[in-house]
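Participant: Structure of the sequence below:
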Amino acid sequence: MRGRASRSWAALLFLLGCSASEPTELVDDVDPDTVDASACPPGVDVEAELLRPRCATVGCHSARSNTASLDLETVGVAARLSGRVASTCPDRVLVVPGDPSASFVVQKLGPSPACGRRMPDGAQPLSVDEVACVRAWVLALAPRDAGAPDGGADAALTPCAASDTDGDGYGTHASCAQRDCDDRNLAIHPGATEACNGVDDDCDGEVDDGFGEGTCGMGACRRTVPYCREGRLQACAPMEPTAEVCNGLDDDCDGSVDEGAPGMACGVGRCRREVACAGGRLPACTPGQPAAEVCNGEDDDCDGVVDDGLRASTVGTTYTELSTRHDGCTQATRSGPECNAAISRFCAGRGCATTGFGPLENSGDTAAVGCVRATVRETTYSALVRSQEGCTGSSQRVGPECNAAIHRWCASRGFATGYGPVENSGDVAVVTCVRP
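Facilitator: Residues are numbered from 1 along each chain as shown. Modelled structure (predicted):
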């Protein structure tokens, strides 16, 4: 074993020009076809001792660089190159077993190859003896006769195998049972694992197939998406929930259908009716029947107005009655602040009225007053005088200036007008504001 290793090492020194003898001739001006293969010393492992150190360098034909899809570093170079078409020169075969002159690998060692640049690119050319060893290596790959001792195990490659330019075991020739769909990429071939990358990795005619779909969310938020889309993996995100409506769906995505969905109303006043969602639909809504209006704070006749027709009325009374409401309102006074207070108190709570004014007419002990449904508000003469000069509470408590002041004060608060005061004491004035 030791003697064989010594012979191989000595041969390598000879090939690399490291022996004590004169350097071997370089192949700068020599046609590789004229080199005699017998010049190669015996025992040289061309793949391990010549191709790998001279050609499989970083940036060239190493396993990592794999320039032109050509790996001269890993074991099995002869099997990978035999019968294989050159990726950069498709009319050339890298190694034709037994025929160095037809092998593109040998042709590339000369000064002027028919295609591309000389090997090794950018480095010192191989010597004549080194070329002789490459030729001898190709010759040794020749298929043996069927009667040879080994039974012809090194038979020539088929056209399908010869068309496998990327060395993944699948060619592009019409005779291939399974054809490579991208013979420039070692990872793409029939049976390869499909990746989410926008490419048909397994050559089945479909891109990014087999990743399946994912479902997420519930109700109207539920959605199903493919895990791979446009060459990128994606997660499943549910839709955004919305307010629940009556439609037989789970709009707010909480697992319940139509819960809390608003119903529908029809009619006004006491005729108003409401219907609830049932079975994803709103049933027909029929308003109630109107009735005669009565003074009850409701819209009995369903016209949108509460106690309409009962908001004002003329009521007969006497000063004798009014004086019991305010002792200053008598036949002698007949009108004025005392009678205003008496009439307001007399009308309040009578039917729908909340206050009153007058007298509208009077004779003897008889008085006709107006009872109305209006809003009674308390203010001050200090506030009223800002609406109309003269209504001070001292120079005038009731009169034209105070009429104008009360009208303006009520109107500024959204009422149609106002009158009064229906009550007053000191700076306090109680007035009646009437809505439109």
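Participant: Residue 375 pairs with what?
Facilitator: Residues in a beta bridge with residue 375, per DSSP bridges, are residue 433.
Participant: I'd like to know how many residues surround it.
Facilitator: Residue 375 sits with 15 neighbouring residues when counted by other C-beta atoms under 10 Å. Just so you know, the C-beta spots here come from the backbone N, C-alpha and C atoms, and that holds for glycine as well.
Participant: same check, this time on residue 347
Facilitator: 27.
Participant: Excluding chain neighbours, what is closest to it?
Facilitator: Excluding the flanking residues, the one nearest residue 347 by C-beta to C-beta, 6 or more residues apart in numbering is residue 356, at 2.9 Å.
Participant: Which element, helix or strand, includes that neighbour?
Facilitator: Using DSSP states H and E, the secondary-structure element containing residue 356 is strand 355-363.
Participant: With residue 340 as the reference, measure out to the residue nearest to residue 347.
Facilitator: Here residue 356 is placed at a distance of 9 Å from residue 340 (C-beta to C-beta, to the nearest Å).
Participant: Need the overlap of contacts for these two.
Facilitator: Residues touching both residue 356 and residue 340 (C-beta atoms under 8 Å, 6 or more residues apart in numbering): residue 422.
Participant: Show me what counts as buried in the strand holding residue 356.
Facilitator: For strand 355-363, the neighbour count (16 or more other C-beta atoms under 10 Å) marks 355-359, 362 as buried.
Participant: and if you look at stretch 270-278?
Facilitator: Those would be 270-271, 277, for stretch 270-278 by 16+ other C-beta under 10 Å.
Participant: can you give me the mean pLDDT across that stretch?
Facilitator: For stretch 270-278, mean pLDDT is 95.
Participant: what's the answer for stretch 173-180, then?
Facilitator: Mean predicted lDDT for stretch 173-180 stands at 89.
Participant: Report the buried residues of that stretch.
Facilitator: 176, 179-180.
Participant: Over to stretch 228-246?
Facilitator: By 16+ other C-beta under 10 Å, the buried positions in stretch 228-246 come out as 228, 241, 244-246.
Participant: Residue 65: which of those is nearest?
Facilitator: Using C-beta to C-beta, residue 228 comes nearest to residue 65 of those, at 30.9 Å.
Participant: show me where the protein has helices.
Facilitator: Assigned by DSSP state H, the helices in the chain fall at 2-15, 46, 52-55, 77-81, 104-107, 128-139, 159-162, 319-325, 337-347, 381-384, 400-411.
Participant: Quick one, which of those helices gets closest to residue 433.
Facilitator: helix 400-411 (3.7 Å).
Participant: can I get the CA coordinates of the closest one in CSV?
Facilitator: What follows is helix 400-411, C-alpha atoms only, in CSV (Å, rounded to 0.1, in the frame of the first residue of the first chain):
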residue,chain,number,x,y,z
PRO,A,400,-95.9,97.0,27.2
GLU,A,401,-92.2,97.0,28.0
CYS,A,402,-92.5,93.8,30.0
ASN,A,403,-94.6,92.2,27.2
ALA,A,404,-91.8,92.8,24.7
ALA,A,405,-89.2,91.7,27.2
ILE,A,406,-91.0,88.4,27.9
HIS,A,407,-91.7,87.7,24.2
ARG,A,408,-88.0,88.2,23.3
TRP,A,409,-86.8,86.2,26.4
CYS,A,410,-88.9,83.2,25.4
ALA,A,411,-88.1,83.5,21.7
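Participant: For it, report the contacting residues that lie outside it.
Facilitator: For helix 400-411, the external contacting residues (C-beta under 8 Å, 6+ apart) are 377, 379, 383-385, 387-391, 396, 416-421, 429, 431, 433-434.
Participant: do you know how far the residue lying closest to residue 287 once chain neighbours are set aside is from residue 298?
Facilitator: Excluding the flanking residues, the one nearest residue 287 by C-beta to C-beta, 6+ apart is residue 267, at 2.7 Å. Between residue 267 and residue 298 the computed distance is 13 Å (C-beta to C-beta).
Participant: Strands of the stretch 101-250 of the chain, residue ranges please.
Facilitator: Counting by DSSP state E, counting those that start in this stretch, residue ranges of the strands within the stretch 101-250 of the chain are 213-216, 223-226, 228-229, 232-233.
Participant: Packing partners of the second one?
Facilitator: Translated: strand 223-226. If contacts are counted by 3 or more C-beta pairs under 8 Å, 6 or more residues apart in numbering; DSSP states H and E, strand 223-226 sits against strand 213-216.
Participant: ok, for residue 417, nearest residue in space, not its chain neighbours?
Facilitator: Using C-beta to C-beta, 6+ apart and skipping the chain neighbours, the partner closest in space to residue 417 is residue 407 (5.1 Å).
Participant: okay, residue 5: pLDDT?
Facilitator: 35.
Participant: and what of residue 235?
Facilitator: 92.
Participant: list the contacts for it?
Facilitator: Contacts of residue 235 by C-beta under 8 Å, 6+ apart are residue 214.
Participant: same deal with residue 305?
Facilitator: Residues in contact with residue 305 (C-beta under 8 Å, 6+ apart) are residue 299.
Participant: where's the residue lying farthest from the centre of the chain relative to residue 314, distance?
Facilitator: Largest separation from the mean C-alpha position in the chain: residue 364, at 87.7 Å (C-alpha atoms, centre = their mean). Separation of residue 364 from residue 314 (C-beta to C-beta): 18 Å.
Participant: Ok, residue 172 next?
Facilitator: For residue 172, the distance to residue 314 equals 111 Å [C-beta to C-beta].
Participant: Neighbour count for these two, which is higher?
Facilitator: residue 172 (16 against 12).
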